[in-house]
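**Student:** need a structure here:
(one chain, ligands or ions: 1)
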Amino acid sequence: MKRFTKIGAAAGIVAVMLFTAACGGGTNNGGGNSPVDAPANNASSGEAPADGKVVLGFSQVGAESGWRTANSDSIKESAKAAGFELKFSDAQQKQENQIKALRSFIQQKVDVIAFSPVVESGWDTVLQEAKDAGIPVILTDRAVDSKDTSLYKTFIGSDFVEEGRRAGKWLVEQFKDAAEPVKIVELQGTTGSAPAIDRKSGFEEIIKENPNLQIVASQTGDFTRAKGKEVMQSFLQAHPDIDVLYAHNDDMGLGAIQAIEAAGLVPGKDIIIITVDAVKDGMTAAAEGKINFIVECNPLLGPQLMQAVNDVLAGKEIESRIVTEEGTFTSEEAKAVLADRKY
Ligand code: AHR
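**Tutor:** Numbering: from 1, shown residues only. Sure thing, here's the model as predicted:
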């Protein structure tokens, strides 16, 4: 099918910014990307530290997207508000850096380790080392595929498969009357990461309902704007008649929009665009009609994390999975909430 015309105002779920167990806001403590080298409290088997000051070691994926910046800010602000000492380490999208940071936290005997794993696999050894040292671990944002779930206390974050399904459902509805093939290109997130794997599988699960919806090209854009632009350029060269772009995050979608415009096409009209995240830049593009549909992925995980840290140290029972609540936005819905969007 060439050139989609009906862009219905599909009934999206307006974003619900509800956070369970929030423990208050605060200002940025400027935790920075400093190496993790300062001394910390004695390790405990999930017990509150004797001197009352909780030391939290947090290993972040990197700074690849607007989502990640908002997530890092949320962690830093919430740690400060909770009165914790935060040791924040930026892994620059490399698993080896995260493993080093985790080992450094263990060596420093922090009270709790939290991290957002860049990829799903390869964590068992270092998680076992943390367990042996009696340091509880909390996963945020992304999951690991470890079979032994006793290696971590909980996983706080979005349901990425559901995000992919939401993107797919909107598309199926828009093209329900299509009589010809609809050509879709997909910009995947970082290879091997939970959001890339799950957003792809959730989307495919739904679009297979309609055999006319065909993914003609799918490649990683590593969740960055620059890579999104570069890969979209090659998609446009290989497939001059693309109908739909599904990008696993806003940043890749925004990079792709630059490539689409440079090719003389109109994003949101000549090519229908679906992204995930709903950060301010993505919402702005949606309000301008350049992105047609955004599935929200909430980065403000700091309050839930600090609550979980307190609960673990207090020896309370904690849910093994804490799912973030989120919604979706059509262009019209993005326009309506843009002015109040915080990140
Ligand atoms: O893990 C969450 C994903 O990571 C976000 O959707 C993406 O923008 C980020 O880089």
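
**Student:** Which parts of this protein are helices?
**Tutor:** If DSSP state H is used as the criterion, the helices of the chain fall at 66-82, 95-107, 124-132, 160-174, 194-207, 225-238, 250-262, 280-287, 302-313, 331-337.

**Student:** Give me the mean pLDDT for the fourth one.
**Tutor:** I take that to be helix 160-174. The predicted model gives helix 160-174 an average pLDDT of 98.

**Student:** Dump that helix to PDB, restricted to CA.
**Tutor:** Coordinates of the C-alpha atoms in helix 160-174 are reproduced here as PDB (Å, rounded to 0.1, in the frame of the first residue of the first chain):
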ATOM      1  CA  PHE A 160       8.300  -3.900  27.200                       C
ATOM      2  CA  VAL A 161       6.300  -6.700  25.500                       C
ATOM      3  CA  GLU A 162       3.100  -4.800  26.200                       C
ATOM      4  CA  GLU A 163       4.600  -1.600  24.800                       C
ATOM      5  CA  GLY A 164       5.300  -3.500  21.500                       C
ATOM      6  CA  ARG A 165       1.700  -4.800  21.600                       C
ATOM      7  CA  ARG A 166       0.300  -1.300  22.000                       C
ATOM      8  CA  ALA A 167       2.300  -0.100  19.000                       C
ATOM      9  CA  GLY A 168       1.000  -3.100  17.000                       C
ATOM     10  CA  LYS A 169      -2.600  -2.600  18.100                       C
ATOM     11  CA  TRP A 170      -2.700   1.000  16.900                       C
ATOM     12  CA  LEU A 171      -1.200   0.000  13.600                       C
ATOM     13  CA  VAL A 172      -3.600  -2.900  13.000                       C
ATOM     14  CA  GLU A 173      -6.500  -0.600  13.700                       C
ATOM     15  CA  GLN A 174      -5.200   2.100  11.300                       C
END
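
**Student:** Off-centre distance for it?
**Tutor:** Taking C-alpha atoms, centre = their mean, to the nearest Å, one finds the center of helix 160-174 at 16 Å from the center of the full chain.

**Student:** So which other helices or strands are in contact with it?
**Tutor:** Judged by 3 or more C-beta pairs under 8 Å, 6 or more residues apart in numbering; DSSP states H and E, helix 160-174 is in contact with helix 194-207, strand 244-247, strand 272-277, strand 293-296. C-beta here means a position set from N, CA and C on the backbone, and glycine is covered the same way.

**Student:** hmm, back to that, what's the closest of the helices of the chain to the ligand?
**Tutor:** Within the helices of the chain, the stretch nearest the ligand is helix 66-82; the backing value is 3.5 Å (C-beta to the nearest ligand atom).

**Student:** Run the angle between the closest one and helix 225-238 for me.
**Tutor:** In this structure, helix 66-82 runs at an angle of 160 degrees to helix 225-238, with axes from the mean of the first three to the mean of the last three C-alpha atoms, to 10 degrees as the basis.

**Student:** By neighbour count, which bits of helix 66-82 are buried? Give me those.
**Tutor:** Neighbour-count burial for helix 66-82, counted by 16 or more other C-beta atoms under 10 Å, picks out 66-68, 70-82.

**Student:** Quick check, Glu204 in contact with Gly168.
**Tutor:** Yes: under the criterion of C-beta atoms under 8 Å, Glu204 lies in contact with Gly168, with a separation of 7.4 Å.

**Student:** between the two, who's got more neighbours?
**Tutor:** Gly168 (24 against 16; other C-beta atoms under 10 Å).

**Student:** got a list of what that one touches?
**Tutor:** In this structure, Gly168 makes contact with 202-207, judged by C-beta atoms under 8 Å, 6 or more residues apart in numbering.

**Student:** Quickly check those residues for the two that are furthest apart.
**Tutor:** Using C-beta to C-beta, the contacts of Gly168 span at most 9.9 Å, a distance reached by Gly202 and Ile207.

**Student:** Now render the contacts of Gly168 as a markdown table, adding pLDDT and distance to Gly268.
**Tutor:** What follows is the contacts of Gly168, written out as a markdown table (pLDDT from 0 to 100; distance: C-beta to C-beta, whole Å):
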| residue | pLDDT | distance to Gly268 |
| --- | --- | --- |
| Gly202 | 98 | 23 |
| Phe203 | 98 | 19 |
| Glu204 | 98 | 23 |
| Glu205 | 98 | 25 |
| Ile206 | 98 | 21 |
| Ile207 | 98 | 20 |
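
**Student:** Which of those residues sits closest to Met306?
**Tutor:** Once C-beta to C-beta is applied, the member of the contacts of Gly168 that ends up nearest Met306 is Gly202, at 29.1 Å.

**Student:** who's in contact with the closest residue to that closest one other than its chain neighbours?
**Tutor:** If you skip the residues right next to it in sequence, Gly202 has Gly164 as its closest partner in space, 2.5 Å away by C-beta to C-beta, 6 or more residues apart in numbering. Gly164 makes contact with 198-206, according to C-beta under 8 Å, 6+ apart.

**Student:** Please tell me which one of these counts the most neighbours.
**Tutor:** Top of these by neighbour number is Arg199, holding 31 neighbours under the definition other C-beta under 10 Å.

**Student:** I'd say it and Phe223 touch.
**Tutor:** No: counting by C-beta under 8 Å, Arg199 stays clear of Phe223, with 10.9 Å between them.

**Student:** Which neighbours do the two have in common?
**Tutor:** Taking C-beta under 8 Å, 6+ apart as the contact rule, the neighbours common to Arg199 and Phe223 are 189, 248.

**Student:** Low-confidence bits of this protein, can you list those?
**Tutor:** Scanning the chain for pLDDT under 70 picks out 1-48, 50-51.
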